[in-house]
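Asks: Sequence first, predicted model second:
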Amino acid sequence: MPAPGSVNCAGAFDGFEVTGCQIGCQANRDMRKNPANTRWCNGSTTGFGPVSLGSNPSRVTFLTGKSLGVTLQIRAETVADYGGVHEVIRLAFSRDDEASLVDALRGEGVVRNSFVADIDGQIVGHLLFSELLIVGESVTVPALALAPLAVLPDYQRRGIGTRLTQHGLDACQKQGHRIIVVLGHPEFYRRFGFSSELAARLDSAFSGKPSFMALELAEGALDGVSGKVRYPAAFGVA
C-alpha cells in the first residue's frame, strides 16, 4: 500500500475559513466560536455559510449559490456508506490510492473512528482515524492517525472539511483518546491545535517537516513522550 509520503494524508478538503478570501466572502468569526456567524468562500463571489445549527451541532443548514437550503449532517460511517465513501475519496484526490488505503485500514481492523458528511442523503465528505502507536524505550503510547480527510470537489470551500475535523476530534476526545498525529497542511490543522512542535519528539519518516504535526486531546498527553511512530501496515511505512 502507498505510504503517507505518496498518499496525500493532508486531505482533499474545503478546509480554509475565509479570512482574507476572495471578493464576496467575509469571515466574521472562527467557526469553533460561533458557526452561525461564519461565512465561507466557494472560489467565486458567492458566500456559502451556515444559517442554522439548531439544537444539534452535527447538523447545519447551508445556503447554496441558488439560495436553496441544504442540510449537512456529520455522522458515523456505516457499512452501507462504504461505496459512497470510496467514490468521494477517489474524486477528491483524483486517484484511487487514498480510497484503497481506507479499504485496507478497514481490512486490517485498525479503524477507530470514521465519519461522513451527508447532505440530504448524499455523502459529500469523509474523515478517518486509525490506530497508531508511539513506541518508546520503556513504554508504548497509544495514539490515532488522522488520514485521510476528503470532500467532493463540488462541495469544497464550504466549511465541510472544518466541520468534519472538529466533529471527529470532539468524538475522539469524548472516547478518551489523548493524542492525534497528522501529516497535512499546517495552515488548516493549526486551527485545531495541531503543531509540529508537539511532534518534535516523535520519530517517523516525516519528522522535521512542518506538515508532520500532533495534537493533545488531554492537556500534557505528550509530556515526556518520545519514540518511533508505528503506523498501521496499510500505510506501508517502516
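Replies: Arrived safely, thanks for sending.
Asks: So, low pLDDT: which residues of the chain?
Replies: 1-69 (pLDDT under 70).
Asks: Return the list of helices and strands in contact with the longest helix anywhere in it.
Replies: Criterion DSSP state H: the longest helix present in the chain is helix 160-174. Judged by 3 or more Cβ pairs under 8 Å, 6 or more residues apart in numbering; DSSP states H and E, helix 160-174 is in contact with strand 69-76, strand 111-119, strand 122-135, strand 140-151. Every C-beta, even on glycine, is put in place using the N, C-alpha and C of the backbone.
Asks: Would you mind putting these into a markdown table with distance to E87 alongside?
Replies: Shown next, in a markdown table, are the helices and strands packed on helix 160-174 (distance: least, Cβ to Cβ, whole Å):
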| stretch | distance to E87 |
| --- | --- |
| strand 69-76 | 18 |
| strand 111-119 | 12 |
| strand 122-135 | 8 |
| strand 140-151 | 10 |
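Asks: Now tabulate the ones you listed in a markdown table and tack on mean neighbour count and distance to A199.
Replies: Listed next are these as a markdown table, based on neighbours: other Cβ atoms under 10 Å; distance: least, Cβ to Cβ, whole Å:
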| stretch | mean neighbour count | distance to A199 |
| --- | --- | --- |
| strand 69-76 | 16 | 26 |
| strand 111-119 | 20 | 19 |
| strand 122-135 | 22 | 10 |
| strand 140-151 | 24 | 11 |
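Asks: wait, which of the ones you listed is closest to A171?
Replies: strand 111-119 (6.0 Å; Cβ to Cβ).
Asks: Given the closest one, what are its sheet partners and their directions?
Replies: When pairing is defined by DSSP bridges, strand 111-119 lines up against strand 69-76 (antiparallel), strand 122-135 (antiparallel).
Asks: and the first one, how far from the chain's centre?
Replies: In terms of Cα atoms, centre = their mean, to the nearest Å, the gap separating the centre of strand 69-76 from the centre of its chain is 16 Å.
Asks: quick one on the thing from earlier: of all the helices and strands packed on helix 160-174, which one comes closest to S94?
Replies: Nearest to S94, of all the helices and strands packed on helix 160-174, is strand 140-151, at 10.9 Å by Cβ to Cβ.
Asks: which of the residues in the helix or strand Y189 falls within are buried?
Replies: Y189 belongs to helix 186-189 when assigned by DSSP states H and E. Buried residues in helix 186-189, counted by 16 or more other Cβ atoms under 10 Å: 186, 188-189.
Asks: Can you give me the distance of the closest residue to E131 other than its chain neighbours to S195?
Replies: With Cβ to Cβ, 6 or more residues apart in numbering as the criterion, E131 has its nearest non-adjacent residue at 4.1 Å, and that residue is V110. Computed as Cβ to Cβ, to the nearest Å, the V110 to S195 distance reads 25 Å.
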